[in-house]
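Trainee: Sequence and predicted model, in that order:
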Amino acid sequence: MTVQTDEKEEKKIEGLTREAEILIEEEASKKDLKEKRGVIKQTYYDGSKKLKHIVPKGKRI
C-alpha cells in the first residue's frame, strides 16, 4: 500500500515540476520579448532626429 502511494506521489511531483518548468520557460520568453521591444523603442526615440516620426500613427513597434 505504501509503495503505491509513494509511486503516486512521485508521479504527481514529476507532473508538477514539468508544469512549473513550462511556466518558467514561458515567462522567460515573454521577458525576453519585452526587452527586445524596449531596445527597439529606445533606438527609435534616441538621437537628435527622432525616428519615431517615421513610424506611421497607430502602428506598433
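Mentor: Happy to help now that I have it. Numbering: from 1, shown residues only.
Trainee: can you list the weak-confidence ranges in this structure?
Mentor: 1-3, 45-57, 60-61 (pLDDT under 70).
Trainee: where do the helices sit along it?
Mentor: 2-45 (DSSP state H).
Trainee: can you tell me which residue is nearest the centre of it?
Mentor: With distances taken as CA atoms, centre = their mean, residue 30 lies nearest the centre of the chain, 1.9 Å away.
Trainee: contacting residues around that residue?
Mentor: Contact analysis of residue 30 by CB atoms under 8 Å, 6 or more residues apart in numbering lists nothing. C-beta here means a position set from N, CA and C on the backbone, and glycine is covered the same way.
Trainee: Against residue 9, how distant is it?
Mentor: According to CB to CB, to the nearest Å, residue 30 and residue 9 sit 32 Å apart.
Trainee: Residue 59 too?
Mentor: Distance from residue 59 to residue 9, by CB to CB: 52 Å.
Trainee: Show me which of those two is the more surrounded one.
Mentor: Neighbour tally, residue 59 and residue 9, criterion other CB atoms under 10 Å: the higher count belongs to residue 9, 10 against 6.
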